[in-house]
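Peer 1: what's the 3D shape of this:
(chains A and B)
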Amino acid sequence: GAGVSQSPSNKVTEKGKDVELRCDPISGHTALYWYRQSLGQGLEFLIYFQGNSAPDKSGLPSDRFSAERTGGSVSTLTIQRTQQEDSAVYLCASSLALGGLGETQYFGPGTRLLVL
Amino acid sequence: TQLLEQSPQFLSIQEGENLTVYCNSSSVFSSLQWYRQEPGEGPVLLVTVVTGGEVKKLKRLTFQFGDARKDSSLHITAAQPGDTGLYLCAGGGGSNYQLIWGAGTKLIIKP
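Peer 2: Numbers count the residues shown, from 1 in each chain, chains lettered A, B, ... in the order given. All right, here's what the predicted structure looks like:
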């Protein structure tokens, strides 16, 4: 596909369960970003990858959150022992290179996570 | 801590009317981006402004970056139902990758 894809599109889980969210960036994009968007809020930056490396993990809300990227392509965001406050839309974006405002970020449609 | 405040939070107007939404901060940003997000989709970049006082036009949308690079506005002329969506501004600060995001203005244009 031409754009960023994310799966699943929706996920309902029970408190305490682990979830894994997947992001397929645009082919050839070396930079990949994860954001969280709560209802009525702007985007909260979580983590970025340059290639397979994530130099700054300080945006992750807690140690229950982790992310990895393999082959410079697909990335997964894993939330362990989910809590109700983790409910949000998780957005992934990719850009051709890491360059802040010099590089347009293209967003996927997001994964809507609901923790019961 | 850099913050971006958007106003109004919600705006519902009739087709054909004009409107302006604002993005304000007490901090200086190197540049400002505006995005539109439709339900069930991710944000889509509309414009990037980088120079204080810069004005950019995109059809019926006019974007302005404040002279001091602390604020920005988006003006829509003769709004159409297709303009409905969540408008987000995002500022670039010291980091070359991390944007500071406003909470958005939810805009509804009624036919």
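Peer 1: look through chain B and state the residue closest to chain A.
Peer 2: At 2.7 Å from chain A, residue B:42 is the closest residue in chain B, using CB to the nearest CB. Placement of C-beta: from N, CA and C, glycine included.
Peer 1: quick check: the nearest residue in space to that residue that is not next to it in sequence vs residue A:4, distance?
Peer 2: Nearest non-adjacent residue to residue B:42, counting by CB to CB, 6 or more residues apart in numbering or on different chains: residue A:107, 2.7 Å away. Residue A:107 sits 6 Å away from residue A:4 when distances are taken as CB to CB, to the nearest Å.
Peer 1: what do these two both touch?
Peer 2: A:92, A:93, B:42 (CB atoms under 8 Å, 6 or more residues apart in numbering or on different chains).
Peer 1: next, the last one: phi, psi?
Peer 2: Dihedral angles of residue B:42 (phi, psi; degrees, to the nearest 10) stand at phi -80, psi 170.
Peer 1: give me the most central residue, chain A.
Peer 2: Residue closest to the average C-alpha location in chain A (CA atoms, centre = their mean): residue A:34, at 3.1 Å.
Peer 1: confidence score at it?
Peer 2: According to the prediction, residue A:34 has pLDDT 95.
Peer 1: name the strands paired with whichever strand or helix holds it and say parallel or antiparallel.
Peer 2: Secondary structure assignment for residue A:34, by DSSP states H and E: strand A:31-37. Using DSSP bridges, the strands paired with strand A:31-37 are strand A:43-50 (antiparallel), strand A:88-95 (antiparallel).
Peer 1: who in chain B is up against chain A?
Peer 2: Within chain B, the positions near chain A by CB under 8 Å from any CB of the partner chain are B:4, B:6, B:9, B:30-31, B:33, B:40-45, B:48, B:50, B:88, B:90, B:92, B:95-99, B:101-104.
Peer 1: and the least confident helix or strand in chain B by mean pLDDT, what does it pack against?
Peer 2: Least confident helix or strand, chain B: strand B:99-101 with a mean of 86, by mean pLDDT, DSSP states H and E. If contacts are counted by 3 or more CB pairs under 8 Å, 6 or more residues apart in numbering or on different chains; DSSP states H and E, strand B:99-101 sits against strand A:43-50, strand B:85-92.
Peer 1: again, 7 Å this time
Peer 2: strand B:85-92 (3 or more CB pairs under 7 Å, 6 or more residues apart in numbering or on different chains; DSSP states H and E).
Peer 1: give me the distance between the strand it packs on and the centre of its chain.
Peer 2: Here the centre of strand B:85-92 is set off from its chain's centre by 5 Å, with CA atoms, centre = their mean, to the nearest Å.
Peer 1: ok, stretch A:12-28 next?
Peer 2: 8 Å.
Peer 1: quick one: mean pLDDT for that stretch?
Peer 2: 97.
Peer 1: buried set for it?
Peer 2: With burial defined by 16 or more other CB atoms under 10 Å in any protein chain shown, the residues of stretch A:12-28 counted as buried are A:13, A:19, A:21, A:23, A:24, A:25, A:26.
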